[in-house]
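Chemist: coordinates for the following, if possible.
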Amino acid sequence: MTTAPALRVQNLYKVFGRGAEESVRRLADGASRADIPGTAAVIDASFEVQPGEIFVVMGLSGSGKSTLIRMLNGLLDATSGHVHVGDAELTGAAPAKLREIRRERVSMVFQHFALLPHRTVLDNVAYGLELRGTPVAERTRRAGEVIELVGLAEWRDALPSELSGGMQQRVGIARALAADTDILLMDEAFSALDPLIRREMQDQLLELQATLGKTIVFITHDLNEAMHLGDRIAVMRDGRIVQIGTPEDILTDPANDYVEQFVQDVDRARVLTAGNVMERARVVVSSSAGPRTALKTMRDERASAVYVTSRDRRLVGIVRDRDAVRLVQRGESSLEGVIRPAPHAVAADSPLIDLFVPAVESEVPLAVTDAEERLVGVIPRVTLLAALGPGTTATGELTIPVPPTVIDEVLATSEARATFVDEQDPKTEEAR
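Modeler: As a prediction, this is how the structure comes out:
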């Protein structure tokens, strides 16, 4: 079964200035922005957003992303093209229909909060419901529930001037959520916040999304923010969408040089997951296998340990070569008794930043398991490091740039520190 998109954009153009329709025709024929008399802010944009998806539109200043999002709720009229919200067409809609779509189907969170300074948090959050004509008791109840959801229950009677920037932005999000529309548009919603608060707001948005399952279109110029939040990302340049894909697609398979340069400084360790870099597990035997089978598998794959799985591929543990040899010498026919717990099995959706310490501490490649604890792959240490983005020096020497955050994560544990440096060594800093 296929699900109808929550939002559908087809061949959308926005040109400011005289002769906009003629400019659209010339752009469709292949003209560049510089070749037309007007200012082309959005050029031939087409995409669909599925229900419950966070769709991020990313680009530098002037790329057209803010103009695009304003056409998704009718704040700006399209010069050409179509926007469908569910089964309703937004472009060309009569004013009454447009107001209905905004009230019932689309809410927006602005960059600069747009709170009413003379109203309390509760009244700000309930404002959209008030415009809709919702009775006082009902809108107070719904606003109160959303305020509690975003963690501002004790501030419900405060004025915006009494709140921090992050709290004010949470009020803006709560106001949009209280309207209970299908689609939430967020235009640079966190860009005015300090970095630490910004990260907290990103995490809270993901927590809210896990609970509410809204359809979200999120505009940002911050690549790491886009990678952290987006189920899919559209990259814009000079009014055009140049690539749409998952964060992994954008990072590992950029469509052109522009996208490649755009993503070159992203922290891959926080974007890529174990499932993105894992390899097929080859050194595996069934729990019913004997020690000779285990030793042959290790010998064929030149490994010092073998993973043991049950009949349904659930990870049981590992057997080391020396233990299997002892069983053979004793004439044993079962691996039972020497199967040890697999060290540091990780979930397929674990970000790479969380894997470096386990990889350092593990004698064998990290086992990757699914929700049913089935073995789905392994990650050797060298594969984990190579995933960060290998390069070469002028002399041809292979280099793997490890982000400082990764080094700090690894050195934060005593076992890992002992692996890297002898703390009694006077050259500790050099060793690090």
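Chemist: switch to C-alpha atoms for all contacts and neighbour counts from now on
Modeler: Noted.
Chemist: residue ranges of the strands in the stretch 1-150 of the chain, please?
Modeler: Shown for the stretch 1-150 of the chain, the strands assigned by DSSP state E, counting those that start in this stretch span residues 7-16, 39-49, 54-58, 80-85, 88-89, 106-109.
Chemist: how far off centre is the longest one?
Modeler: Remark: strand 39-49 is offset 23 Å from the chain centroid, using Cα atoms, centre = their mean, to the nearest Å.
Chemist: and for the fifth one?
Modeler: Mean-position distance between strand 88-89 and its chain equals 29 Å (Cα atoms, centre = their mean).
Chemist: likewise stretch 256-267?
Modeler: 16 Å.
Chemist: again with stretch 350-363
Modeler: With Cα atoms, centre = their mean, you get 20 Å for stretch 350-363.
Chemist: about what we covered before: closest one to Q204 among the strands of the stretch 1-150 of the chain?
Modeler: When these are compared by Cα to Cα, strand 54-58 sits nearest Q204, at 13.7 Å.
Chemist: angle of that closest one against strand 39-49?
Modeler: 160 degrees (axes from the mean of the first three to the mean of the last three Cα atoms, to 10 degrees).
Chemist: and strand 54-58, what's its mean pLDDT?
Modeler: The average pLDDT within strand 54-58 is 95.
Chemist: what are the contacting residues of that strand?
Modeler: Here strand 54-58 makes contact (Cα atoms under 8 Å, 6 or more residues apart in numbering) with 49, 65, 215-223, 226, 229-236.
Chemist: could you tell me which of these count as buried?
Modeler: 49, 65, 215-221, 223, 226, 229-236 (16 or more other Cα atoms under 10 Å).
Chemist: among those residues, which are in strands?
Modeler: Using DSSP state E, the members of the buried ones among the contacts of strand 54-58 that fall in strands are V49, T215, I216, V217, F218, I219, T220, R232, I233, A234, V235, M236.
Chemist: lowest-confidence helix or strand of this structure?
Modeler: Within the chain, no helix or strand scores below strand 391-392, which has a mean of 40 by mean pLDDT, DSSP states H and E.
Chemist: neighbours of the closest residue to V83 other than its chain neighbours, how many?
Modeler: In space, V83 comes closest to V9 once its chain neighbours are excluded; the distance is 4.7 Å by Cα to Cα, 6 or more residues apart in numbering. Residues contacting V9 under the criterion other Cα atoms under 10 Å number 19.
Chemist: contacts only, for V9.
Modeler: Here V9 is in contact with A45, S46, F47, E48, G81, H82, V83, H84 (Cα under 8 Å, 6+ apart).
Chemist: and the gap between the last one and V106?
Modeler: In other words, H84. As defined by Cα to Cα, to the nearest Å, H84 lies at a distance of 12 Å from V106.
Chemist: where does the stretch 301-432 of the chain dip in pLDDT?
Modeler: 389-432 (pLDDT under 70).
Chemist: could I get the full set of helices for it?
Modeler: 321-329, 356-361, 381-386, 404-411, 414-420, 428-431 (DSSP state H, counting those that start in this stretch).
Chemist: can you give me the helices in the stretch 1-150 of the chain?
Modeler: Counting by DSSP H, counting those that start in this stretch, the helices of the stretch 1-150 of the chain are 20-28, 65-71, 95-104, 121-125, 127-132, 136-149.
Chemist: got the CA positions of the lengthiest helix in the chain in PDB?
Modeler: As assigned by DSSP state H, the longest helix anywhere in the chain is helix 195-212. Output in PDB follows, covering the C-alpha atoms of helix 195-212 (Å, rounded to 0.1, in the frame of the first residue of the first chain):
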ATOM      1  CA  PRO A 195      24.700  26.600  20.300                       C
ATOM      2  CA  LEU A 196      24.000  24.600  23.500                       C
ATOM      3  CA  ILE A 197      20.300  25.700  23.700                       C
ATOM      4  CA  ARG A 198      20.000  25.000  20.000                       C
ATOM      5  CA  ARG A 199      21.200  21.400  20.400                       C
ATOM      6  CA  GLU A 200      18.800  20.900  23.300                       C
ATOM      7  CA  MET A 201      15.900  22.200  21.100                       C
ATOM      8  CA  GLN A 202      16.800  19.900  18.300                       C
ATOM      9  CA  ASP A 203      16.800  16.900  20.600                       C
ATOM     10  CA  GLN A 204      13.400  18.100  22.100                       C
ATOM     11  CA  LEU A 205      12.000  18.400  18.600                       C
ATOM     12  CA  LEU A 206      13.000  14.800  17.900                       C
ATOM     13  CA  GLU A 207      11.400  13.700  21.200                       C
ATOM     14  CA  LEU A 208       8.200  15.500  20.400                       C
ATOM     15  CA  GLN A 209       8.200  14.000  16.900                       C
ATOM     16  CA  ALA A 210       8.500  10.500  18.300                       C
ATOM     17  CA  THR A 211       5.400  11.200  20.300                       C
ATOM     18  CA  LEU A 212       3.300  13.200  17.900                       C
END
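Chemist: so how far is that helix off the chain centroid?
Modeler: 11 Å.
Chemist: packing partners of it?
Modeler: helix 165-178, helix 223-229 (3 or more Cα pairs under 8 Å, 6 or more residues apart in numbering; DSSP states H and E).
Chemist: just say which of these is most tucked in.
Modeler: The highest mean neighbour count among the helices and strands packed on helix 195-212, using mean count of other Cα atoms under 10 Å, belongs to helix 165-178: a mean of 24.
Chemist: coming back round to it: okay if I get the helices and strands packed on helix 195-212 as CSV plus distance to L295?
Modeler: What follows is the helices and strands packed on helix 195-212, written out as CSV (distance: least, Cα to Cα, whole Å):
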stretch, distance to L295
helix 165-178, 58
helix 223-229, 43
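Chemist: what about Y258, how many residues close to it?
Modeler: 12.
Chemist: over to the one 4 residues further on?
Modeler: By the criterion of other Cα under 10 Å, F262 has 17 neighbours.
Chemist: now the stretch 1-150 of the chain, which segments are flagged as low pLDDT?
Modeler: In the stretch 1-150 of the chain (pLDDT under 70), the answer is 1-2, 113.
Chemist: which residues does H82 bridge with?
Modeler: Q10 (DSSP bridges).
Chemist: pretty sure it contacts Q10?
Modeler: Yes: with contacts counted by Cα atoms under 8 Å, H82 reaches Q10, the gap being 5.1 Å.
Chemist: fine, thanks again, bye for now.
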